[in-house]
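Visitor: Coordinates for the following, if possible.
(chains A and B)
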Amino acid sequence: MIAEMVKDRDGVNERVSEAVEKAHALQESLNAVITFVDPAKQLEEMPEEGLLRGVPIALKDNVNTKGILTTAGSRILSNYVPIYDAEIAVRLQKAGAINIAKASMDELAMGGTNKTAYIGPCHNPWDTRRMTGGSSGGSAALVAAGVVPMAIGSDTGDSVRKPASYCGIVGVKPTYGRISRYGIIPYASSLDHVGYFTRNIKDACVTLKVLAGRDERDMTSSFKEVPDYSALLNSDVTGKKIAILKNVVDGVSTPEIVTMFNGLAEKLRKRGAIVEEYAFDEALMRAILPAYFIIANCEATSNHSNLDGIRFGVREDGADMAEIMTNSRTKGFCSLIRRRFVIGSYGLFEENQERIFRKAQKVRRKIVEALDECLKEYDAVIAPAAGTIAPFIDDQADQDALGEESVVAENYMAIANFSGYPSLTQPMGFVDGCPVGVNITCRGFEEVEMFNIAKAIEEETGLADLVAEVK
Amino acid sequence: MEYDVTIGIEIHCQLKTDTKMFSGAPTSFGRKANTCVNEIDLGMPGVLPEVNREAVKKAVMACTALHLDIDPLVKFDRKNYYYSDLPKGFQITQQFHPIGRNGYVEIETAEGKKKIRINRIHMEEDTAKQFHLTKFSLLDFNRAGTPLIEIVSEPDMHSGEEAEAYVEALRQTLYYIGVSDCRMEEGSMRCDTNVSISPKGSGVLGTKNEIKNLNSISHIGKAVNYEIERQKKLLEAGEKVLQETRRFDEKSGETVLMRRKEGNVDYKFFPEPNIFPIRLSDEWIKDIQDNMPELPQARKERYKSEYGLSDHDIGILISNKEMSDYFETVTKFTANAKSACNWLLSDISAWLNTHETTIDQAQLNPENLAKLIAMIDDGKISNAQAKKLVDDLMAGKDPETAAKEKGLEQVSDTGAIAAMVNEVMDANPQAIEDFRNGKSRAVGFIVGQVMKKSRGQANPGMVSRMVNEELAKRIS
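Guide: The predicted model follows:
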């Protein structure tokens, strides 16, 4: 789809206008956009060539865009206009992409519902009573509703791959270090990844080629050469060894999803893949969420210490600078975020750090070692990306609650953030008219392998280029 | 009662690099506020640190010069605290793995040489500068992110003099190897001094007080000595020394309470996730170490063996690197290093002081100074005459030309001097009579008269010799 758009050089203006109009038209029902970006200047300055030339896109609102409001979904940044561009914003521009919107997200990307965005929840295009999932919900909604063929997200636990499941699209989180994080407002630095949404695997290949590559300003970015993903794409899975994450499948609460998934596994076997169940130590799998929760919130409380109302952002009055900082932070964040900062801070205190933060890091290593063990034998691990279709927005479940039956099935995808390994979600089928996704995780920097398995799945399901008709 | 004094010093030293510790913005001093900053220095959302290679190199040099063991695996940590001069809300530092451990510096004390141990050197970034005015505060982020090393001593010093000598030794060393400007008055070298006292021989450390705001080396000794006396008075009055941070007040020469320490602040240190550990290759470290500039200690020894200068002169020369460098240049043009040293440390230093400038700013040409020394040594002009040429020399003039212009040529012509000697003696028969009667001061009188007659231009050595010869002749 993207490649065809780029070939249609005469259709750029019309295509971009249509996207802008559609985004505006759907805003009332989806609430997916925080800031609409005027494409006029970008169209003027568009390069003659580029893998995304004239393709309308959207950026999650934690991508710094020079001169354009960037809120990260938070009240405290609701007046923040960056003085610089994120590395990926520059790369996209050079590739000719036209940014038409800054998309809604959970506050500071610290959520999985997109209900904590300061502009209010984002609605799922397949059923607007339902959530998109988060934290990259706005980007997912815009791609699923057919506004743009690609949108940038970010993924710290599953913030691209979960919404992709709920919205029936492809959500990719490449290897840690594959895409520069410079200029992405962080959540937790050791877990944060730039990710993105497309409506088919081919587009995912094109997009990664644009985004990937070493950036001097991100010391964790990789020097590894960027392959030509599109050229290398094939759907041959003959002899590929694929592990089914048994712990996840066992924890899926929706029987139709299990049936659907097993059917898909069978189809892959018929294509010549070796698909086998693989059980991880259940205790380790259950430790994913608490370990994730601790590491993410500890890093987040430090990362977001710069949000103090002094140099940028919404400043509240106070008698002195300390009071200004306290008041700005108290009023600038929602209560969920403040609670998480307190928890993160608690985990970092000297007297707690060893038994909380450092222990969580050790658990993280154990989990990665278990994954490595599995990937020694298998080329990929797969499982349903979610145990349910998108929940209703007014479902009052506590996001931070632990201990439920589905704790593994709903949170395991953070394993790819722990390891930094490439992982993607793509549509697998529908339950009650709402999409459900399947997730694939491969070894570090084996995106080509991942795309090939995904392409095989796409051919089997026939679920590519889905567009939700928003009602 | 007698007391043991224990002093430990933490020094923050700005590294001399073109750009900041973790950003590409230029480092600066005295530039217009907030002009040397980028999004990283301002702690804007989404920025990431990029380690400055040059800063790491300078830190390696500092560790080498101060005999520390270098950790080739460079790691950084976050120190978390909220303060308006700290843009990110955390400082990137090296809490858990400092780049250097276990070194020392040698100081001169009244009892001879002494080693002061250095516990660690670590790299970190500087904060912004704050200006608190009555109704508002101003923040200048130019300094934010400037590379620093923190040098932490062991508590090995026991007097204000030792503390001063320690800081001076560090200042000299770091300045000589080009790691830092070490300007205490401008804050590129900042010194926090911890002082505690305890009853002599008790073996128990007393409660320490930290003294800040020491912006010259001489303040350190004063502050420490004041603090020792203050703590003594407290203890002798039966009071307790409380753990405090104090500030040195230049005017009163006293230390003043800034804040009491109530428990330690928890900085929630944890490893910086955005910087993977960096492995310094052995070759890279070796290359830096093989190309170290000369250390002041080595230079001292060389001055002694190569030029035979006195310890006193060496001390003064070395304490001013520019003067010392200049001295070395002059010695390329003259073999009389002692004379070069004398000129630089006396007349030329005096001239620089009067004109409030420094040797590296002055127009003095090293070749001209060497020429002047040669003119004296060759008897072409006298020392006294040479002193009259200092202004010309400092204006960049050739001393020969200047001497000619001023008519300052020493008369070394035997005939001319003999004529003057005879004239003076003929005119002063009484002096000859005095000499005959054993009054040796008559010689000085006649020499003085001859010099006067020559308007100071006669070679005094020759005059003296010829007066003696002539007197001997006349009384025989």
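Visitor: Write out the residues of the stretch 251-400 of chain B neighbouring chain A.
Guide: Residues of the stretch 251-400 of chain B lying close to chain A by CB under 8 Å from any CB of the partner chain are B:266, B:268-270, B:273-276. Every residue, glycine included, has its C-beta placed from N, CA and C.
Visitor: Please list only the buried members of those.
Guide: The neighbour-count criterion (16 or more other CB atoms under 10 Å in any protein chain shown) marks B:268-270, B:273-275 among these as buried.
Visitor: Those in strands, which ones?
Guide: When those are checked against strands (DSSP state E), the matches are residue B:270.
Visitor: Need the buried ones among the residues of the stretch 251-400 of chain B next to chain A in a markdown table (columns: pLDDT).
Guide: As requested, those are exported to a markdown table (pLDDT from 0 to 100):
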| residue | pLDDT |
| --- | --- |
| B:268 | 97 |
| B:269 | 97 |
| B:270 | 98 |
| B:273 | 98 |
| B:274 | 98 |
| B:275 | 98 |
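Visitor: And residue 185, what's its pLDDT?
Guide: No chain specified, so I'll use chain A. Residue A:185 is assigned a pLDDT of 98 by the prediction.
Visitor: actually it's chain B I care about, not the one you picked
Guide: Predicted confidence (pLDDT) for residue B:185: 90.
Visitor: That one: what secondary structure?
Guide: Assigned state for residue B:185: helix (three-state reduction, DSSP: H, G, I helix; E, B strand; the rest coil).
Visitor: Contacts only, for the closest residue to residue A:419 other than its chain neighbours.
Guide: Distance criterion CB to CB, 6 or more residues apart in numbering or on different chains; nearest residue to residue A:419, sequence neighbours excluded, is residue A:368 at 4.6 Å. Residue A:368 makes contact with A:415, A:418-419 under the criterion CB atoms under 8 Å, 6 or more residues apart in numbering or on different chains.
Visitor: Which strand or helix spans residue A:328?
Guide: Here residue A:328 sits within helix A:321-332, counting by DSSP states H and E.
Visitor: Give the buried residues for that helix.
Guide: Across helix A:321-332, burial judged by 16+ other CB under 10 Å covers A:321, A:324-329, A:332.
Visitor: May I see these organised as a markdown table, with distance to residue B:392 and pLDDT added?
Guide: Formatted as a markdown table, those follow (distance: CB to CB, whole Å; pLDDT from 0 to 100):
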| residue | distance to residue B:392 | pLDDT |
| --- | --- | --- |
| A:321 | 58 | 87 |
| A:324 | 62 | 94 |
| A:325 | 62 | 94 |
| A:326 | 67 | 95 |
| A:327 | 68 | 96 |
| A:328 | 66 | 96 |
| A:329 | 68 | 96 |
| A:332 | 70 | 95 |
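Visitor: if we take those residues, which one ends up nearest to residue A:145?
Guide: Residue A:145 lies nearest to residue A:332 out of the buried residues of helix A:321-332, by CB to CB, at 30.5 Å.
Visitor: Skip the chain neighbours and tell me the closest residue to that closest one.
Guide: Closest residue to residue A:332 apart from its sequence neighbours, by CB to CB, 6+ apart: residue A:76 at 2.7 Å.
Visitor: need the contact list for the one you found.
Guide: Contact partners of residue A:76, counting by CB under 8 Å, 6+ apart, are A:307, A:309, A:313-314, A:328-329, A:331-333.
Visitor: Tell me if I'm right that residue A:216 and residue B:50 touch.
Guide: Yes. The pair residue A:216 and residue B:50 passes the contact test of CB atoms under 8 Å, sitting 6.6 Å apart.
Visitor: Out of those two, name the residue with the larger neighbour count.
Guide: residue B:50 (21 against 11; other CB atoms under 10 Å in any protein chain shown).
Visitor: That one falls within a helix, correct?
Guide: No. Read with three-state DSSP, residue B:50 is coil and lies in no helix.
Visitor: quick revisit: doesn't the residue nearest to residue A:419 lie inside a strand?
Guide: No. Read with three-state DSSP, residue A:368 is helix and lies in no strand.
Visitor: Next, residue 466: secondary structure please.
Guide: As the question left the chain open, I've gone with chain A. coil.
Visitor: got the phi/psi numbers for residue B:129?
Guide: Dihedral pair for residue B:129: phi -100, psi 140, per degrees, to the nearest 10.
Visitor: What of the one 3 residues further on?
Guide: The phi and psi torsions at residue B:132 (degrees, to the nearest 10) take the values phi -90, psi 120.
Visitor: List the contacts of residue A:227.
Guide: Contacts for residue A:227 were tallied using CB under 8 Å, 6+ apart; they are A:447-448.
Visitor: Just confirm it is within a strand.
Guide: No. Looking at residue A:227 with three-state DSSP, it is coil, so not inside a strand.
Visitor: Report pLDDT for it.
Guide: pLDDT, residue A:227: 98.
Visitor: Closest to the centroid, which residue in chain A?
Guide: Geometric centre of chain A, nearest residue: residue A:160, 1.8 Å, by CA atoms, centre = their mean.
Visitor: Verify the contact between that one and residue A:171 for me.
Guide: Yes. With contacts counted by CB under 8 Å, residue A:160 reaches residue A:171, the gap being 4.2 Å.
Visitor: what's the overlap in contacts for the two?
Guide: A:136, A:140, A:153, A:195-197, A:425.
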